[in-house]
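>>> 3D, please:
(2 chains)
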Amino acid sequence: MLEGLLIGLQTAFSLQNLLMVIAGCLIGTFIGMLPGLGPMSIIAIMIPVAISMGDPSAALILLAGVYYGAIFGGSTSSILLNAPGVAGTVASSFDGYPMARQGKAGKALTIAAIASFAGGTIGAILLMVFAPALSSVALLFHSAEYFALMVVGLSAIAAFAGSGQVAKALIMTILGLIMATVGEGALFNLPRFTMGIMDLQSGFGFITLAMAMFALPEALFLVLKPKNLQGDDGEIKDLRITKDEAKAIAPVIGRQSTQGFFIGVLPGAGATIASFLGYAVERNIAPKKEQEEFGKGSIKGLAAPEAANNAACTGSFVPLLTLGIPGSGTTAILLGALIALNVTPGPRLMIDEPQIFWAVIMSMFIGNLVLLILNLPLIPYIAKVLAVPRNYLIPFILFFTLMGAYIGQNNATELLILVGFGVCATALKFADYPLAPLLIGFILGGMMEDNFARSMQLYDGIGFIWERPMTLALLVIAVLLVLLPSYRARRARARAAGIADGD
Amino acid sequence: MALDRWIALVLLGICLTYGYAAWFTMDGSLPPFMQRNPIWPSTFPKVLSILGIIACTIILLGFEKSEIKEADIDYRRLGEYHLGQAISLLVLMVVYALCLRPVGFLIATSGFLIIGSYILGERKWHIMVPVALIATGSVWYLVQEVLGIYMRPLPGIFGG
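Numbers count the residues shown, from 1 in each chain, chains lettered A, B, ... in the order given. You can find the predicted model right below:
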């Protein structure tokens, strides 16, 4: 392994490759800030550039830099504007945006940068150590377990998002799942629930829905009830994190980097599930007092998904590099680029072309470091976005939500859907329905149904639930997660009333 | 009846319609070879519709007591807020969506940004107009020229 490391260092530290990392991170960060362009589309746009370079390690290093940069750029727009452009950063807006609202935008971005850095670096170390061994574990996970894992993720979110109102969070999750079934599914090739409308054939767009659920209601609330975006004195303060805060988030980052990495290794799970599960787990194990903070600007709630999604991005390279199986859309595009460069990822890659394998790993370290160095000094300027006067900021937020929905689909109907859902989401927000579970249900719904269908086909019926102990265990956990909070609340009420009043 | 229960009623209606479509209308058009599959396109929606109906009923009948929290905005006093501005902005967004194709990106977007800040009460035209024009131009340049995503810049009659 030491020899490999040295080869990697040698390749990665050439001037050309260092420039590639820096360029990739910069491009990724800036384009990633535009809602609507996620890592997948940015990498797809960069592929012609990468292929024309001809050198596979340089190309892969550039693309990996773009990938990290895009994930970080995506978190800035979810923290500052509550407009997550990428599914993986939705969880960062739960606590990042409230922090920005309290005038701690600078601190939120700093925490995001540090958590991303730590997540990415720990992920890269784990990748180095475990890559060969993990590839065999990833293959043990069966579609039945994926299905069960997603059920656990959804019920964890439903149980914790509703702050005592599990039924509301549950119905929102189910609504999200229902919306995911609109359009043509991959397994059936039949349009479902489109009501004969051609534009619904491909289902609702994720970005349209994300903008409608988060950014639009938020902007409307700002219009309805003007308030100062930057805290009381209008200053962007608290850029630095204190020692106590660092001490508080260090274990969170450590746990979530590890957990996120291992979730990222599973093909198909990826950064999105890692960030949601990371958020839910941290919220659950936090002390009672800190649990109340979650969703209102908790630093732990921001650090957890940020660390997890970066670690998961690194983790998703494991199946790509060792098995040649892309675990996510982004790595699938990377696989395409690699094949175009005449490199076949797979078990032989480490033996045949060690310089590529190790150079990519070393460039992950360098990429993370570069991101941190580039971003920390830029944060005060990025956070200044919030200092733009309200009369200008709100039209721009609305414009970027519209643009995000439009660029992806090039379809003006999408914009009408966006406005329609935005109004519905605002009404739901008035009535205190949590909106995050709906979006999460929508994101996971498609994958969940595919895995469910696949295991049904493999086991010729519902039998997979009791024939696979791991699936059964995960599903039992899911049921407990939903039932436990309402049971606890009921008991607490009964105790407060002195006796159970049998409501 | 509070707003959240009215919404639950609406959602119940959606779930019932969805359930009706899943249980009674979808399976008829299923090709024979698919009928031997253990899973049909309607299987997952059927499960979802039942779960949805149960959850809606729980909220509707108030089985789960919820403490009334001080909300950010109280919908019962909606008239006291800047409701007019919010509605005009929504209308503006719809107009923008309808105009984007026929009028072209540049005109539609600069119009949107200028009218948007006008609705919010900005009257400094000498700042509003240049800001909108520069922003529109740079976004268009970034998306069209740098990223290579086609957006019709001008109205169709000018060959855009």
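
>>> Please count neighbours and contacts with C-alpha atoms only from this point.
Noted.

>>> Who are the contact partners of the residue nearest to A:Gly422 when sequence neighbours are not counted?
Once flanking residues are discounted, A:Gly422 sits nearest to A:Ala212: 4.2 Å by CA to CA, 6 or more residues apart in numbering or on different chains. A:Ala212 sits next to A:418-419, A:421-422, A:425 when contact means CA atoms under 8 Å, 6 or more residues apart in numbering or on different chains.

>>> Determine the three-state secondary structure at A:Ala212.
Look at A:Ala212: counting by DSSP: H, G, I helix; E, B strand; the rest coil, its state is helix.

>>> Tell me if I'm right that B:Met26 and B:Ser42 touch.
Yes. Between B:Met26 and B:Ser42 there is a contact under CA atoms under 8 Å: 6.5 Å.

>>> pLDDT score assigned to the residue of the stretch 151-300 of chain A found nearest chain B?
Of all residues in the stretch 151-300 of chain A, A:Leu224 sits closest to chain B, with a separation of 4.5 Å (CA to the nearest CA). If you check A:Leu224, the pLDDT there is 80.

>>> what does the top helix by length along chain B rub up against?
Counting residues, the longest helix in chain B under DSSP state H turns out to be helix B:83-103. If you take CA under 8 Å, 6+ apart as the criterion, helix B:83-103 is touched by A:220, A:223-224, A:412-413, A:415-416, A:419, B:108-109, B:112, B:116, B:119-120, B:152, B:154-156.

>>> Could you find the closest non-adjacent residue to the residue nearest the centre of chain A?
In chain A, the residue lying closest to the centroid (CA atoms, centre = their mean) is A:Gly88, at 1.2 Å. Spatial nearest neighbour of A:Gly88, excluding adjacent residues (CA to CA, 6+ apart): A:Thr272 at 4.1 Å.

>>> Would you enumerate the residues in contact with that neighbour?
Applying CA under 8 Å, 6+ apart, the residues near A:Thr272 are A:87-89, A:309.

>>> Same list (those) but as TSV, adding pLDDT and secondary structure.
Conversion of the contacts of A:Thr272 to TSV gives the following (pLDDT from 0 to 100; DSSP: H, G, I helix; E, B strand; the rest coil):
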residue	pLDDT	secondary structure
A:Ala87	71	helix
A:Gly88	75	helix
A:Thr89	79	helix
A:Asn309	84	helix
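
>>> Ranking by neighbours, what's the top pick from these?
A:Asn309 (36 neighbours; other CA atoms under 10 Å in any protein chain shown).

>>> Which stretches in the stretch 51-200 of chain A count as strands?
A:183-184, A:191-192 (DSSP state E, counting those that start in this stretch).

>>> Would you reformat those strands as JSON lines and include mean pLDDT, mean neighbour count and distance to chain B?
Listed next are the strands of the stretch 51-200 of chain A as JSON lines, based on pLDDT from 0 to 100; neighbours: other CA atoms under 10 Å in any protein chain shown; distance: least, CA to the nearest CA, whole Å:
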{"stretch": "strand A:183-184", "mean pLDDT": "78", "mean neighbour count": "20", "distance to chain B": "10"}
{"stretch": "strand A:191-192", "mean pLDDT": "78", "mean neighbour count": "21", "distance to chain B": "8"}
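
>>> and the lowest-mean-pLDDT helix or strand in chain B, is it in reach of chain A?
The weakest-scoring helix or strand in chain B, judged by mean pLDDT, DSSP states H and E, is helix B:32-35 (a mean of 77). No. Using CA under 8 Å from any CA of the partner chain, helix B:32-35 stays clear of chain A, coming no nearer than 8.9 Å.

>>> What are the contacting residues of the helix or strand following that helix?
For helix B:32-35, the following helix or strand on the C-terminal side (DSSP states H and E) is helix B:43-60. Residues from elsewhere that reach helix B:43-60 (CA under 8 Å, 6+ apart): A:167-168, A:170-171, A:174-175, A:177-178, A:181, A:449, B:5-6, B:8-9, B:11-12, B:15-16, B:18-19, B:22-23, B:64.

>>> Recalculate using a threshold of 7 Å.
Contacts of helix B:43-60 with the rest of the structure, by CA atoms under 7 Å, 6 or more residues apart in numbering or on different chains, involve A:167, A:170-171, A:174, A:178, A:449, B:5, B:8-9, B:11-12, B:15, B:18-19, B:22-23, B:64.

>>> Repeat that for stretch A:342-360.
Here stretch A:342-360 has contacts from A:4-5, A:7-9, A:11-12, A:57, A:60-61, A:320-324, A:338, using CA under 7 Å, 6+ apart.

>>> Touching, A:Glu435 and A:Met213? I think so.
Rather than Glu, residue A:435 is Leu. Yes. The criterion here is CA atoms under 7 Å, and A:Leu435 meets it with A:Met213 at 6.3 Å.

>>> Quick check on those two: which one has the bigger neighbour count.
A:Met213 (27 against 22).

>>> now that one, nearest residue through space, not along the chain?
A:Ala425 (5.6 Å).

>>> Just the pLDDT at the one you found, thanks.
Looking at A:Ala425, the pLDDT reads 90.

>>> What is the burial count for whatever residue of the stretch 401-503 of chain A ends up closest to chain B?
In the stretch 401-503 of chain A, the residue that lies nearest chain B is A:Ala431 (4.8 Å; CA to the nearest CA). Neighbourhood size, A:Ala431 [other CA under 10 Å]: 20.

>>> And for A:Lys289?
Neighbours of A:Lys289 (other CA under 10 Å): 8.

>>> rewinding a little: would you mind listing the buried residues in the longest helix of chain B?
B:83, B:85-86, B:89-90, B:92-94, B:96-101, B:103 (16 or more other CA atoms under 10 Å in any protein chain shown).
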